[in-house]
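1. can you look at this prediction? I've put the sequence above it.
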Amino acid sequence: MNDAGQSAQPSTNWKLTLAYDGTGFHGWQVQPGKRTVQGELQAALGRVTGQAPLPQGSGRTDAGVHALAQVASFSLSVPIPAGNLSMALNRTLPPSIRVLEARTVRSTFHARHSALAKTYEYRVFLEKPWPWLDMRAPGRICPPFLAPYIYVYPWPVEFSALNEAARAFVGEQDFSSFAASEPDLAARCLDADSGDDLRPLPHPGFRTAPPAIPTMRTIFSSQWEVGECQAGPTYIYRVRGSGFLHHMVRNLVGTMLDVGRGQLRAIQIPAILNARNRAAAGPTAPAQGLFLHSVEYGGAE
């Protein structure tokens, strides 16, 4: 056996659980000339281990979206204890990205392909809690340190109407009406809220259309809760599902807030779903209120 064969190390598959503040990033996915979470993590792995695999995330959070427990997987042929890797990465990563856990997993584990369910959380600060009779009167002031992590909503919203609308999304349904509709959507791939379906696109010279993105998703639970902050109560939407289309959670929230303030009725939600048309649903809620809460694997690690 030659020297190269003697020194070769077996490859080890790793799983990282990360938390990050998405405010200063152009989302998870590496993009030329832009600061991204995936790019920062890849660079940190290079500095720590001498290898720079591209970490695969459980989903691609958009610019400004945060994560409480994003999951990434990658392979390394450098032997390093899990605790040392976690500590070393946290020393070299920017403070807005933290490794919560690092551990080795079976070779078949993949952060996205192995995921069984994901939970997202969306936070809303009500300037004018329900009921608010005089819309000209000044409302509550959102603390500036909270503003990057919550949607400051200017209208009163009825809590019971929000939950009535939220229940209509539970089950396996076509969520075309709640998928992103950017003009350049056909020129990109999707991944969780963000989206989950990554499909190869045809060569730019081809005249064929890109493959259709499946829009059926299963929502296991969908509900609003009342939370607390120093400035008073907030509304928190938590949704757990098999996967999510690009901007889907933010579009669900924007539509439900329209229901909560009386612009739509919850009874209209089934018709909006059946329309399979983005124009039938409400606006897209801002990115800063959205958090990837957790990812479930059911023992796949």
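-> Received, thanks.
2. CA only for contacts and neighbour counts going forward, please
-> Will do.
3. can you tell me the element Asn90 falls in?
-> Assigned by DSSP states H and E, Asn90 belongs to helix 82-92.
4. now the element after that helix, going C-ward?
-> strand 97-105.
5. that next one vs helix 82-92, what angle?
-> Here strand 97-105 points in a direction 160 degrees away from that of helix 82-92 (axes from the mean of the first three to the mean of the last three CA atoms, to 10 degrees).
6. residues in contact with strand 97-105: which ones?
-> 12-21, 37, 69, 82-83, 85-86, 89-90, 301 (CA atoms under 8 Å, 6 or more residues apart in numbering).
7. tell me the strands beside that strand, with direction?
-> On the basis of DSSP bridges, the sheet neighbours of strand 97-105 come out as strand 12-20 (antiparallel).
8. for the chain, which strand is longest?
-> strand 216-229 (DSSP state E).
9. which parts of that one are buried?
-> Neighbour counts using 16 or more other CA atoms under 10 Å place 217-220, 222-224 of strand 216-229 among the buried residues.
10. same check on stretch 97-110?
-> 97-105, 109-110.
11. distance between that stretch and the chain's centre?
-> 18 Å (CA atoms, centre = their mean, to the nearest Å).
12. need the strands for the stretch 201-301 of the chain, in chain order.
-> 216-229, 232-241, 290-296 (DSSP state E, counting those that start in this stretch).
13. assumed Asn163 was part of a helix.
-> Yes. Checked against DSSP: H, G, I helix; E, B strand; the rest coil, Asn163 lies within a helix.
14. tell me, how many residues neighbour it?
-> 19 (other CA atoms under 10 Å).
15. and it, what is it in contact with?
-> Asn163 touches 223-224, counting by CA under 8 Å, 6+ apart.
16. re the thing from before, dump the buried residues of stretch 97-110 to a markdown table, plus distance to Asp62.
-> Shown next, in a markdown table, are those (distance: CA to CA, whole Å):
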| residue | distance to Asp62 |
| --- | --- |
| Ile97 | 15 |
| Arg98 | 18 |
| Val99 | 19 |
| Leu100 | 21 |
| Glu101 | 23 |
| Ala102 | 24 |
| Arg103 | 26 |
| Thr104 | 27 |
| Val105 | 27 |
| Phe109 | 24 |
| His110 | 20 |
